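S.K.: Just to be clear, the model below is a prediction. Sequence and coordinates:
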Amino acid sequence: MMRALVLLVIVLLQGCSSLLFYPAKGLPFTPERAGLAFRDEYLVAADGTRLNAWWLPAKAGVEVKGTVLYLHGNGGNMAMHLGAPWWLPEQGYQVLMLDYRGYGLSEGEPSLPEIYQDIDAAFAQLDDTAEVRGIPLFVLAQSLGGALAVHYLAEHPQQAKRLDALIIDGTPASYREVAQYVLSTSWLTWLLQVPLSEFVPDDESAITAIPRLKGLPLLIYHSIDDPVVPVSNAISLYQAAPAPRVLQLTRGGHVQTFNDPTWREVLLLFMSDPQGFKGLRRLAEVPNSESPQ
């Protein structure tokens, strides 16, 4: 109980950031290990924080079809999330992967609302990248990255208008619910998960921002087996989002979507026609989670 009270003090002093962000410093490997061409990029946020990013060009000899800004979840760093976008360059999509402040080689410590400056810096980097001009632009965001993307785009409609579509995967509808889940995973804080999570402000959560994304095609991936962010979050976000939007239910663990080539193919179909794509709507069409990935 004493340790739980200590955590309460930490939450009160530091705000919600300690419950939302779990960065890993350093990069254990680069895309080169996966046989991918890449270049290191260094961005500077508005407050002067220096950020690291990776640029993955489309595979040599493949027609460039578009650009994807990839925003990862709350744990690890971009090296640990390479498994989501690694396959896109071979399909003709160039990718900018961003490490938020405090992650990987990026300076600073992650916190709200400062982290939105990092996404702003990524868009500025795309402005300065010649390869991006004149081709479709997408944001692909997973888990907490999806919540960050939704709020950022709602607050920056000029950036949302630049996009051809937004894709979110395993995204929590509420920051407060994320904090409550984190607290529920430890016996030290389980009894205090509700009162402690109440200190996490929810006014920047995806569920409050997503109704403002009018006119932006949206694809919501979510696994019905997700043990971290229940599928009810995706249903709530889908119901709150304006058209055009698609809710694509999947199978498997949290944000393991693109381990399965079926969902990679679905994303390619969506990006080829964001306004017209309807998704796989029947559960009979969803692969069994026990099948090989």
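M.R.: Right, received. Where do you want to start?

S.K.: Confirm Leu247 sits in a strand?
M.R.: Yes: assessed by DSSP: H, G, I helix; E, B strand; the rest coil, Leu247 belongs to a strand.

S.K.: switch to numbering from 606
M.R.: Done: numbering now begins at 606, and the last item shifts to Leu852.

S.K.: who's in contact with the closest residue to it other than its chain neighbours?
M.R.: In this structure, Leu852 finds its nearest non-sequential neighbour in Tyr843, 4.2 Å apart by CB to CB, 6 or more residues apart in numbering. All C-beta spots, glycine's among them, are computed from the backbone N, C-alpha and C. Tyr843 sits next to 825, 850, 852 when contact means CB atoms under 8 Å, 6 or more residues apart in numbering.

S.K.: Next: Leu676.
M.R.: By CB under 8 Å, 6+ apart, the neighbours of Leu676 are 703, 724, 744-747, 750-751, 753-754.

S.K.: Distance of it relative to Asp878?
M.R.: Distance, Leu676 to Asp878, using CB to CB, to the nearest Å: 23 Å.

S.K.: Now Thr672, what are its backbone angles?
M.R.: The phi and psi values for Thr672, taken as degrees, to the nearest 10, are phi -120, psi 140.

S.K.: correct me, but it touches Gly739?
M.R.: No: applying CB atoms under 8 Å as the test, Thr672 and Gly739 come out as separate, 10.4 Å apart.

S.K.: Looking at these two now, which is surrounded by more residues?
M.R.: Neighbour totals were compared for Thr672 and Gly739, and Thr672 leads with 23 against 7 (other CB atoms under 10 Å).

S.K.: Across the sheet, point out what pairs with the more buried one.
M.R.: Assessed by DSSP bridges, Thr672 has beta-bridge partners Gln699, Leu742.

S.K.: got a list of what it touches?
M.R.: For Thr672, the contact set (CB under 8 Å, 6+ apart) comprises 698-701, 731, 734, 736-737, 740-743.

S.K.: in this structure, which spans are helices?
M.R.: Applying DSSP state H to the chain gives helices spanning 607-619, 622-625, 720-732, 749-760, 762-765, 780-789, 798-802, 811-814, 837-845, 866-877.

S.K.: Around Met685, count how many other residues there are.
M.R.: That count, for Met685 with other CB under 10 Å as the rule, works out to 16.

S.K.: ok, now Leu818?
M.R.: Per other CB under 10 Å, the neighbour tally for Leu818 reads 22.

S.K.: my guess is it meets Ala759, correct?
M.R.: Yes: the criterion here is CB under 8 Å, and Leu818 meets it with Ala759 at 6.1 Å.

S.K.: Now do the shared contacts for those two.
M.R.: Ala765.

S.K.: For Pro835, report the pLDDT, please.
M.R.: For Pro835, the pLDDT comes out at 89.

S.K.: where does it fall, phi/psi-wise?
M.R.: Dihedral angles for Pro835 - degrees, to the nearest 10 - are phi -60, psi 150.

S.K.: who touches it in this structure?
M.R.: Contacts for Pro835 (CB under 8 Å, 6+ apart) come out as none.

S.K.: Okay, now the unreliable bits of the stretch 756-898 of the chain?
M.R.: 783-806, 885-898 (pLDDT under 70).

S.K.: 50 instead, please
M.R.: Counting by pLDDT under 50, the stretch 756-898 of the chain contains low-confidence ranges at 795, 802, 888-889, 894-898.

S.K.: per-residue pLDDT, the closest residue in space to His761 that isn't next to it in sequence?
M.R.: Of all residues beyond its chain neighbours, the one nearest His761 is Asp725 (7.3 Å), with distances taken as CB to CB, 6+ apart. As predicted, Asp725 sits at a pLDDT of 98.

S.K.: In this structure Asp725 contacts Val649, no?
M.R.: No: using CB under 8 Å, Asp725 is not in contact with Val649; the gap is 10.7 Å.

S.K.: Appreciated, that's everything.
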